[in-house]
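Participant: model the structure of this input:
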Amino acid sequence: MTAHGDCDPRFARVRAVFDGHFAEGEELGAAFAVYLDGEPVVDLWDGVADRHTGRPWERDTPALAYSCSKAVTATALHILAERGLVDVGAPVAEVWPEFAANGKEKVTVEHLLTHQSGLPVIEQEVPVEEYEDQAAIAARLAGQAPIWEPGTAHGYHALTYGFLVGEVIRRVSGKSVGRFVADEIAGPRGLDMWLGAPDDVAARAARLSAGTRTTTGDGAAQGTTAAGTVAELPGQGPGDPLYEIAKASLDKDSLMNRAMGNPSPGRLKGGANHPVILRAGWPAMGLVTTARGLAGFYRDLVAGDIIKPETLDDAMRQRVGGPDRVMFIDSAFGLGYMRPALTFLTPAKGAETAFGHTGLGGFLGLGDVRHGLAMGYTMNKMSNSVSGSLRAYHLAEAVYDSLP
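Facilitator: Next comes the predicted model:
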């Protein structure tokens, strides 16, 4: 059997890889879309959106794409920067005075975008009653002291990134990130993406299936390990990144688990499938989108239709790279966009030019200005091993291999 949808004959290898993932049992439901020079060349989908009911995955089935959200949130901020409403190099406190508390008066907006602010953890547990009150969650962060000196290291701000950058956006635009994205990015372009899904969108969203507990996450390193003892952990022992990440995942008090676990969708029945999570639109992980919508976002970014080409060029420029204080393995970031690293595996042809963001379990949004590419991959069978995110990598590899 072959997937539903269309695939340009030049990209027949992509369809073969996509179909192969289903044949090998790696997918429940999934979709993959690609634009080349603004034109659709791949639009595939297959499988079930809900394994409990057997509801099929349709062309317009959306899914919660986790940290693919971060690139969309960053783009909203870049729009505001182009309008002169915020200076990325200026202190956050210039637009959010309360943020200056506890030695944060020199933390810049760039520090937030590059995961350098030292605020990867919300120290007090966020009550469920606050899950839809992003300003209240941001206020908790405003009162904290950084864990490390801002600007001296980077560590993945898995959830706090969105509340921090989102509050800056709210302060200067008067809108939540979700409202801003709807008004300024998704709405005008007819993109199927929402930071805060309406009820009808949430009702037809794919139901995520987590499988076993994982050692992977946003492309490489989020979640908890299935290993039971330190003796069973992967890698070469202490000092090896895979060993250290698996060890940290066993420790509920590790920086990694604290960064990934508060506020936790797991406190709600169904976890990330709960309507509150789909509706809340957390700017770091709440994006609900179709593969075509996500690819369309990168298509318009690459074309210079959302922000100016020079703004994108600067935002893509790598600011930080190397060992990540939260995830241990190497990560690399521009201004809100991932750059090629272990957390954003990129085929050789795109190793210098690709940008975008991965999402927990294997989601991928990718753009490449030099090659005129835009890709979006969504699914509902969350990865359950360190190599789980290679589904997206293999699809991207097939795309690049199909280029002349």
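
Participant: in this structure, where's the longest strand?
Facilitator: Counting residues, the longest strand found in the chain (DSSP state E) is strand 39-50.

Participant: tell me which residues of it come out buried.
Facilitator: For strand 39-50, burial by neighbour count (16 or more other CB atoms under 10 Å) applies to 40-50. Every C-beta, even on glycine, is put in place using the N, C-alpha and C of the backbone.

Participant: out of these, which one sits closest to Pro283?
Facilitator: Ala49 (24.7 Å; CB to CB).

Participant: now do the contacts for that closest one.
Facilitator: 29, 55-58, 61, 204-207, 380 (CB atoms under 8 Å, 6 or more residues apart in numbering).

Participant: in strands, which of these appear?
Facilitator: Going by DSSP E, the strands hold 29, 55-56 from the contacts of Ala49.

Participant: mind putting these in JSON lines, pLDDT included?
Facilitator: Below are these laid out as JSON lines (pLDDT from 0 to 100):
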{"residue": "Gly29", "pLDDT": "98"}
{"residue": "Arg55", "pLDDT": "98"}
{"residue": "Pro56", "pLDDT": "98"}
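
Participant: of those, keep whichever come out buried.
Facilitator: Gly29.

Participant: low-confidence stretches in the stretch 301-404 of the chain?
Facilitator: 384-389 (pLDDT under 70).

Participant: likewise for the chain?
Facilitator: 211-236, 239, 241, 384-389.

Participant: tell me where it has helices.
Facilitator: 12-23, 69-82, 109-113, 134-142, 160-173, 177-181, 187-189, 199-204, 241-250, 255-260, 275-280, 291-302, 309-316, 390-402 (DSSP state H).

Participant: which helices and strands does the shortest one pack with?
Facilitator: Using 3 or more CB pairs under 8 Å, 6 or more residues apart in numbering; DSSP states H and E as the contact definition, the elements that helix 187-189 packs against are helix 291-302.

Participant: alpha carbons only: can I get the helix it packs on in PDB?
Facilitator: The C-alpha atoms that make up helix 291-302 are tabulated as PDB, following Å, rounded to 0.1, in the frame of the first residue of the first chain:
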ATOM      1  CA  ALA A 291       2.300  19.000   8.100                       C
ATOM      2  CA  ARG A 292       1.200  21.200   5.200                       C
ATOM      3  CA  GLY A 293       0.700  24.100   7.500                       C
ATOM      4  CA  LEU A 294       4.100  23.700   9.100                       C
ATOM      5  CA  ALA A 295       5.800  23.400   5.800                       C
ATOM      6  CA  GLY A 296       3.800  26.400   4.500                       C
ATOM      7  CA  PHE A 297       5.200  28.500   7.400                       C
ATOM      8  CA  TYR A 298       8.700  27.700   6.400                       C
ATOM      9  CA  ARG A 299       7.900  28.200   2.700                       C
ATOM     10  CA  ASP A 300       6.800  31.800   3.500                       C
ATOM     11  CA  LEU A 301       9.800  32.300   5.800                       C
ATOM     12  CA  VAL A 302      12.300  31.200   3.200                       C
END
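
Participant: that one packs against which elements?
Facilitator: strand 29-36, strand 39-50, helix 69-82, helix 187-189, strand 193-195, strand 363-368, strand 373-379.
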